[in-house]
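Asks: Here's a sequence, model it:
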Amino acid sequence: MIAIRVLLALGGIWLAWYGIGLLLDQNPADLMSIARWFAGGIVLHDAILAPLCAAVALLARRLLPAPWWASVAWGGLCTATLLLISIPVLQRSGENPANPSVLDRNYHAGLLIAVAVVWVFVALDITRRYARTRPIATPAPDRGGPRNPGTAG
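Replies: Numbering: from 1, shown residues only. I've put the predicted structure just below:
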């Protein structure tokens, strides 16, 4: 197990070295652009996304029953992931009229269908959890009262 970890660490160090070498081969204008993207991502996450997620989570915990929290949390995570990875195709930034095979689908409809499928699974999970925790109707226990004559027991 230790040998595998050492090999993975060495591979990671080599990939980092290679990536830094490629990065430093860029011209200064590109390096500044890359730095702005990294800084912008950090600011966007810390100033907007993290507080927004925390506020939505607090609101959901106040409004939704406790057994729903996990299902709604993973549904929200999947929805946010789908939205983030769909941004390039929804903006159609790589569209090329000379090549109609690029961005040739209705990505808005695809995103809506994917998000709907996620929330159908959330609803199924909530239903499954509810069915599992719902008490099952059982016959009343025998209280030891008078018995009918002629019955066994």
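Asks: What lies in contact with the helix or strand containing Leu8?
Replies: Here Leu8, judged by DSSP states H and E, is contained in helix 2-24. Residues outside helix 2-24 that contact it (C-beta atoms under 8 Å, 6 or more residues apart in numbering) are 31, 34. The way it works is simple: take the backbone N, C-alpha and C, and place the C-beta from them, glycine included.
Asks: between the very next helix or strand once past it and helix 2-24, how many degrees?
Replies: Using DSSP H and E, the helix or strand that directly follows helix 2-24 along the chain is helix 28-44. Taking axes from the mean of the first three to the mean of the last three C-alpha atoms, to 10 degrees, helix 28-44 and helix 2-24 form an angle of 120 degrees between their directions.
Asks: Excluding residues flanking it in the chain, which one is nearest Trp68?
Replies: With C-beta to C-beta, 6 or more residues apart in numbering as the criterion, Trp68 has its nearest non-adjacent residue at 5.4 Å, and that residue is Ile126.
Asks: Now do the same for the one you found: helix, strand or coil?
Replies: Here Ile126 is recorded as helix under DSSP: H, G, I helix; E, B strand; the rest coil.
Asks: right, and it touches Ala66 too?
Replies: No - judged on C-beta atoms under 8 Å, Ile126 makes no contact with Ala66 at a distance of 11.5 Å.
Asks: Packing partners of the strand or helix carrying Ile87?
Replies: Following DSSP H and E, one finds Ile87 within helix 69-91. If contacts are counted by 3 or more C-beta pairs under 8 Å, 6 or more residues apart in numbering; DSSP states H and E, helix 69-91 sits against helix 50-63, helix 107-133.
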